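# pasting the structure only:
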């Protein structure tokens, strides 16, 4: 599996995880996965395709709910399988869910540090990698293209915009 570009935003004194984003680039397209809260604080997760993102043509945004990865949409089947593996790997390395059997120790670390935790959270040890200079702590992997994040933020259902981070 290729190494994805990842971005995370975390509000330590607010809702907790604001945004998780992982994507791959191939030829003229960028495609990936996002997770975070909507405006009503419910969590949403989906897969996306930015068709022609790396071309001179107009970029076309398409997204499907996480549960519809293998439903009919424009992304090629081999890329869908690649996204499923990518999401599993990024989730395992970076995230935990409140109902995860290993969550107790993670949530205790959050409570001891007086940091926000929600239904989906960053692994506590990963927070040391974040820039903490803004109210939203952020992590960008090497090679992450902020243009991808800015384009997605205009279209996705997440209640997160990178302005000011």
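In hand now; what should we look at? Keep in mind it's a predicted model, so treat the numbers as computed, not measured.
# Only C-alpha atoms from now on, for both contacts and neighbour counts.
Fine.
# Low-confidence bits of the chain, can you list those?
Applying pLDDT under 70 to the chain picks out residues 1, 164-165.
# The longest helix anywhere in it packs against which elements?
When the chain is parsed with DSSP state H, its longest helix is helix 77-94. The elements that helix 77-94 packs onto, with contact taken as 3 or more CA pairs under 8 Å, 6 or more residues apart in numbering; DSSP states H and E, are strand 16-26, strand 29-37.
# Quick one: closest of the ones you listed to residue 136.
strand 16-26 (8.2 Å; CA to CA).
# Can you list the buried residues in that closest one?
By neighbour count with 16 or more other CA atoms under 10 Å, strand 16-26 contains the buried residues 16, 17, 18, 19, 20, 21, 22, 23, 24, 25.
# Just give the strands next to it in its sheet, each with its orientation.
strand 5-11 (antiparallel), strand 29-37 (antiparallel) (DSSP bridges).
# So what's the gap between that strand and the chain middle?
Centroid displacement of strand 16-26 relative to its chain, using CA atoms, centre = their mean, to the nearest Å, is 3 Å.
# Residue 8 contacts residue 139, correct?
Yes - the criterion here is CA atoms under 8 Å, and residue 8 meets it with residue 139 at 5.2 Å.
# higher neighbour count, the two?
Neighbour count, other CA atoms under 10 Å: between residue 8 and residue 139, residue 8 has more, with 23 against 20.
# sorry, back to before: save the buried residues of strand 16-26 as a markdown table, and put in distance to residue 73 too.
Below are these laid out as a markdown table (distance: CA to CA, whole Å):
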| residue | distance to residue 73 |
| --- | --- |
| 16 | 32 |
| 17 | 28 |
| 18 | 27 |
| 19 | 24 |
| 20 | 22 |
| 21 | 20 |
| 22 | 19 |
| 23 | 17 |
| 24 | 18 |
| 25 | 18 |
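# In a strand, residue 147, correct?
No - assessed with DSSP: H, G, I helix; E, B strand; the rest coil, residue 147 is helix; it does not lie in a strand.
# Burial check on it, number of neighbours?
For residue 147, using other CA under 10 Å, the count is 10.
# for residue 108, same thing?
Residue 108 has 12 nearby residues by other CA under 10 Å.
# Centre of the chain to the longest helix of the chain, how far?
For helix 77-94, the distance to the chain centre is 12 Å (CA atoms, centre = their mean).
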